[in-house]
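S.K.: The sequence isn't on hand, but the structure is:
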């Protein structure tokens, strides 16, 4: 699997900065200007993925972003009422890096905490949406995990960690789809065009 080509990464970052960053929830904590710009693009990538995958407008997509410090590996939480589907995203906006086990494990932990509705473990972006998220968890018929990435694939250890979560009978939640949806660099390039 090829990573997103540099010319598409330039276009993607411009789209993220222009169409999504202005609508993101404020960053938590103090970050220097250079790190803040990079963090905002990374956060906006979650909104871009929701916009493209679910055909929702950029403002609504950006409102679904919870990515920040103490996000427990969950970068966006979006409930699609018509399909009764709760989408949980972990995104990676990295040039050529694979989605790795160290990315997957916090995501798995965050999903477990979210399904148990242990909101105190999460940041203010999640806690501020607690009532909406609780309602979505209570009403949803489906829970889908989505991993958008610009790098050159998903490592075997990362996919194994995610599959182990999905196969865990201890979660006792039949709404959880047994397959992760990946949004690859190839699909991102197609959608940019």
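M.R.: Cool, the structure landed. Here the structure is a predicted model, which means the values were calculated and not measured.
S.K.: Tell me the buried residues in the helix or strand that contains residue 52?
M.R.: Using DSSP states H and E, residue 52 sits within helix 33-54. Neighbour counts over helix 33-54 (16 or more other CB atoms under 10 Å) mark 39-54 as buried. Quick note: C-beta positions are derived from backbone N, CA and C, even for glycine.
S.K.: Report the two of those separated the most.
M.R.: Across the buried residues of helix 33-54, the longest distance by CB to CB is 23.4 Å; it joins 39 and 54.
S.K.: What ranges does the protein have for its helices?
M.R.: Counting by DSSP state H, the chain has helices at residues 6-15, 33-54, 58-63, 101-115, 124-127, 130-139, 156-166, 185-192.
S.K.: Show me the shaky parts of the chain.
M.R.: For the chain, no stretch has pLDDT under 70.
S.K.: check contacts around residue 114.
M.R.: By CB atoms under 8 Å, 6 or more residues apart in numbering, the contact set of residue 114 is 72, 74, 77, 88, 122, 126, 133, 137.
S.K.: returning to what we had before: could you tell me the angle between the helix holding residue 52 and helix 185-192?
M.R.: On the basis of axes from the mean of the first three to the mean of the last three CA atoms, to 10 degrees, helix 33-54 is oriented at 80 degrees to helix 185-192.
S.K.: name the helices or strands packed onto helix 33-54?
M.R.: On a contact count with 3 or more CB pairs under 8 Å, 6 or more residues apart in numbering; DSSP states H and E, helix 33-54 meets helix 6-15, helix 58-63, strand 76-80, strand 85-89, strand 142-148, strand 181-183.
S.K.: Apply 6 Å and report the result again.
M.R.: Other helices and strands packing on helix 33-54, by 3 or more CB pairs under 6 Å, 6 or more residues apart in numbering; DSSP states H and E, are helix 58-63.
S.K.: coming back round to it: tell me the one of the buried residues of helix 33-54 nearest residue 1?
M.R.: Checking those against residue 1 by CB to CB gives residue 49 as the nearest, at 16.7 Å.
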